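> I'll drop the sequence and a predicted model, then ask my questions.
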Amino acid sequence: MWGTDTLDTVMVTHKVAGKEYNIEYLRSNRGAETLDQWPGGRPSIAGLSILDVGTGDGKFVQDFDDPNTVKTYGQPKRVVGMDISLRKWQQSPKYKGRFIKGDGLNLPFEDNEFDIYYCIQGPLAYFTPRWVNDQGQEGGTPELWGKALSEAYRVARKYVYFTTTAKMDVQKYEELLKDPRFKVVHPTPEEREGRFGAQMIVLQVIKN
């Protein structure tokens, strides 16, 4: 889907409500530079905890070992990369606690454990109901969308940040605008109009 900036794929079978869904994920090698897409300008994540779901080759996590990255974005309190399948080096004692094997539909974390749920190439990126072309052909896996979004809401305290591979389905977008769990920060209805490429979605988490 994302093409040339990914290295390989992994096939995963998700079982939900007695049904099986076979999803082929592209492993991401995207890093902290993806934060530049944040609406309103580059954010400061100093002191925040971030869960990188679908971490792939772990570049996002490793970037924060670089002083230049920290200077640009701030020093986060904690950055954890999670993926359904980890590289051997990610399982070494050196990275204990920094890379976790887990399923985006059943996140192995406590409620409200992270400030930001971050997903550039993972469950929400793949499952989001979307238009894949301007003729209105629907893509994504709507059956898994609700479960993945609920898990994101459960573990995130402040924001849910993810990308879609194409424009989000209008009905699902309108449902998201009405969802009491979130405030849609980006895109606004005006920003969404007329766009058919990959989209970044930023949701502010609303909790009692």
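That came in fine, so what should we check first? Numbers count the residues shown, from 1 in each chain.
> Please count neighbours and contacts with C-alpha atoms only from this point.
OK.
> Need the contact partners of the strand or helix carrying G146.
In this assignment (DSSP states H and E), G146 forms part of helix 142-155. Helix 142-155 has contacts (C-alpha atoms under 8 Å, 6 or more residues apart in numbering) with 16, 104-107, 109-114, 117, 123-124, 127-129, 160, 181, 205.
> lowest average confidence, helix or strand, in this protein?
Least confident helix or strand, the chain: strand 138-139 with a mean of 54, by mean pLDDT, DSSP states H and E.
> Strands along this protein, start to end?
In the chain, the segments counted as strands under DSSP state E are 6-16, 19-28, 49-53, 78-83, 99-101, 114-119, 130-131, 138-139, 156-164, 182-186, 199-205.
> looking at the ones you listed, which has the lowest confidence?
When the strands of the chain are compared by mean pLDDT, strand 138-139 comes last with a mean of 54.
> thinking G122 is in contact with V53, fair?
Yes. At 6.1 Å, G122 counts as touching V53 under the criterion of C-alpha atoms under 8 Å.
> which neighbours do the two share?
Common neighbours of G122 and V53 (C-alpha under 8 Å, 6+ apart) are G104.
> circling back to that earlier point, quick one: buried residues of the helix holding G146?
Neighbour counts using 16 or more other C-alpha atoms under 10 Å place 142, 144-145, 147-149, 151-155 of helix 142-155 among the buried residues.
> Next, the angle strand 182-186 makes with it.
Here helix 142-155 points in a direction 100 degrees away from that of strand 182-186 (axes from the mean of the first three to the mean of the last three C-alpha atoms, to 10 degrees).
> M11 bridge partners, please.
E24 (DSSP bridges).
> Neighbours of it, how many?
Residues lying near M11 (other C-alpha atoms under 10 Å) number 12.
> oh, and call the first residue 2 from now on, that's how I've got it
From this message on, residue numbering opens at 2, which makes the last subject M12.
> returning to that earlier point: can you flag which of the contacts of helix 143-156 belong to helices?
124-125, 128 (DSSP state H).
> Show me which of these are buried.
Judged by 16+ other C-alpha under 10 Å, buried ones among these: 124-125, 128.
> which one among these gets closest to E34?
Closest approach to E34 among those (C-alpha to C-alpha): L125, at 19.5 Å.
> what's the spacing between that closest one and V11?
16 Å (C-alpha to C-alpha, to the nearest Å).
> contacting residues around the most centrally placed residue in the chain?
Residue closest to the average C-alpha location in the chain (C-alpha atoms, centre = their mean): C120, at 1.3 Å. By C-alpha under 8 Å, 6+ apart, the contact set of C120 is 53-56, 126, 162-164.
> Take those residues and lay them out in CSV including distance to W90.
Below are the contacts of C120 laid out as CSV (distance: C-alpha to C-alpha, whole Å):
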residue, distance to W90
D53, 17
V54, 18
G55, 16
T56, 14
A126, 25
Y162, 27
F163, 26
T164, 27
